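Visitor: Sequence first, predicted model second:
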Amino acid sequence: MVTITEKASRKAMAFMEAENKHGFGLRLYVTGGGCSGFKYGMAFEEKEAEDDQVIEINGMRLFIDPFSEPMLTGTQIDYNDGLQDSGFSIKNPNAKSTCGCGQSFST
């Protein structure tokens with residue numbers, strides 16, 4: 001199961017509000033690429049696909065496709081708002097290594 005912190009949920013919902021995407025959910029996915037083999041992606045979507053796993057937590061709906069789900073099990077999405085390290089962070093226990101940017105990983 002993937003989790004999203006309350007702080008990350010609030011931030012994602014604020015971004016959705018600013019983009020006038022009321023009622024949308026957050027898709028978390030994995031694609032091939034990046035310097036470590038796979039990379040994370042996030043996008044707002046109005047509704048889930050038929051075969052998505054849907055997780056509702058902290059008022060946020062997360063959509064995860066069947067390809068990404070095994071690589072994301074146990075992952076936590078958080079939000080950092082520091083001076084140098086601002087943005088969403090993904091902590092994935094399945095990643096054997098990650099690149100310096102934190103958006104690319106290998107399994």
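Guide: Here it is on my side, so go on.

Visitor: Relative to Gly37, how far out is the most centrally placed residue in the chain?
Guide: Taking CA atoms, centre = their mean as the criterion, Leu28 is the residue nearest the geometric centre of the chain, at 3.9 Å. Separation of Leu28 from Gly37 (CB to CB, to the nearest Å) stands at 17 Å. For glycine as for every other residue, the C-beta is placed from the backbone atoms N, C-alpha and C.

Visitor: What of Asp65?
Guide: Using CB to CB, we find Asp65 at a distance of 18 Å from Gly37.

Visitor: longest single helix anywhere in the protein?
Guide: helix 6-18 (DSSP state H).

Visitor: how about that one: buried residues?
Guide: Across helix 6-18, burial judged by 16 or more other CB atoms under 10 Å covers Ala8, Ser9, Lys11, Ala12, Met13, Met16.

Visitor: correct me, but Ala49 touches Phe67?
Guide: No. Counting by CB atoms under 8 Å, Ala49 does not reach Phe67; the two are 11.4 Å apart.

Visitor: Find residues that contact each of the two.
Guide: Contact with both Ala49 and Phe67 is made by no residue, according to CB atoms under 8 Å, 6 or more residues apart in numbering.
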